[in-house]
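Student: okay, predicted coordinates and the sequence, questions at the end:
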Amino acid sequence: MRRQDDLQRHGIGMTSQRTRERLIQRLYEEGLSNPGVLEVIRRTPRHLFVDEALAHRAYEDTALPIGHNQTISQPYMVGRMTELLLAAGPLDKVLEIGTGSGYQTAVLAQLVERVFSVERIQALQDRAKERLAELNLRNVVFRWGDGWEGWNALGPYNGIIVTAAAANVPQALLDQLAPGGRMVIPVGSGDLQQLLLIVRDEHGGFTRHELDMVRFVPLLNGPLS
Ligand code: SAH
């Protein structure tokens, strides 16, 4: 029994390793280029962030269901948004709206000083917390609440990443962005939304860059247990 368990674990390990390499190769071909981001995606075990029944698909470049009508983001999109956040240099405080499975949180936690992550569905947040603890990622704090309000008490933030589509850019998030800070957010209410990069200059003005068309679940209103 013991031996079979070991073999099985080994077998899964081998598959994961090969499929992980293929995923990284594909992300590179699709245009991701920050070596630090690619390396972190390579070493982050995405199969731990989905149900066991879906673990064999964890290294496909696709979003997957995580329950409660939500999805774990596609690896390309996680990489793309992370690259955009980090493009002007390292960040110390990053606010994430939409913890979900915690996968994007785990990627960020390995690249920035501290992550502040807000989620409205408590059950998802509890599970995400457990996963990050298992991975020994300790520089993350979680809040159960409404992302439209951000997390004012601990702001401002040098980076803000929103992983659900907002009908418009939440004013609270603009207010909580530090001078020189960067926000990456999908905006729109249709099936497809537009990814925006919003940069706050040192005088408080905002520059808005309209980027890729993307597909996210909506940013809903209010916390929910
Ligand atoms: N980055 C996550 C993506 C999760 S999907 C991952 O890779 O797993 C988007 C998440 O945003 C869902 O968990 C959803 O519950 C959450 N969400 C939606 N509206 C929200 C709101 N107003 N405040 C906080 N979280 C919200």
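Tutor: It's in.
Student: need the distance between the two termini of stretch 169-189.
Tutor: By Cα to Cα, to the nearest Å, the extent of stretch 169-189 from end to end equals 12 Å.
Student: what comes up buried for it?
Tutor: 169-170, 173-174, 176-178, 181-188 (16 or more other Cβ atoms under 10 Å). For every residue, glycine as well, the C-beta is placed using N, CA and C.
Student: strands of this structure, start to end?
Tutor: 64-67, 70-72, 93-97, 114-119, 140-144, 157-162, 177-187, 193-200, 206-214 (DSSP state E).
Student: how about the ones you listed in a markdown table, adding mean pLDDT and distance to residue 126?
Tutor: Shown next, in a markdown table, are the strands of the chain (pLDDT from 0 to 100; distance: least, Cβ to Cβ, whole Å):
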| stretch | mean pLDDT | distance to residue 126 |
| --- | --- | --- |
| strand 64-67 | 97 | 12 |
| strand 70-72 | 97 | 14 |
| strand 93-97 | 98 | 16 |
| strand 114-119 | 98 | 9 |
| strand 140-144 | 97 | 9 |
| strand 157-162 | 98 | 21 |
| strand 177-187 | 97 | 25 |
| strand 193-200 | 98 | 28 |
| strand 206-214 | 97 | 27 |
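Student: between these, which gets nearest to residue 134?
Tutor: strand 140-144 (12.6 Å; Cβ to Cβ).
Student: list the strands paired with the closest one, with their directions.
Tutor: With DSSP bridges as the test, strand 140-144 is paired with strand 114-119 (parallel).
Student: list the buried residues for the strand it pairs with?
Tutor: 114, 115, 116, 117, 118, 119.
Student: for the closest residue to residue 215 other than its chain neighbours, give its distance to residue 186.
Tutor: Excluding its sequence neighbours, the residue lying closest to residue 215 (Cβ to Cβ, 6 or more residues apart in numbering) is residue 192, at 5.8 Å. Residue 192 sits at a distance of 9 Å from residue 186 (criterion: Cβ to Cβ, to the nearest Å).
Student: and the strands of the chain as JSON lines, adding distance to the ligand?
Tutor: Converted to JSON lines, those look like this (distance: least, Cβ to the nearest ligand atom, whole Å):
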{"stretch": "strand 64-67", "distance to the ligand": "6"}
{"stretch": "strand 70-72", "distance to the ligand": "4"}
{"stretch": "strand 93-97", "distance to the ligand": "5"}
{"stretch": "strand 114-119", "distance to the ligand": "5"}
{"stretch": "strand 140-144", "distance to the ligand": "9"}
{"stretch": "strand 157-162", "distance to the ligand": "8"}
{"stretch": "strand 177-187", "distance to the ligand": "10"}
{"stretch": "strand 193-200", "distance to the ligand": "12"}
{"stretch": "strand 206-214", "distance to the ligand": "12"}
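Student: among those strands, which is nearest residue 41?
Tutor: Nearest of the strands of the chain (Cβ to Cβ): strand 70-72, 13.0 Å.
Student: who are the packing partners of that closest one?
Tutor: strand 64-67 (3 or more Cβ pairs under 8 Å, 6 or more residues apart in numbering; DSSP states H and E).
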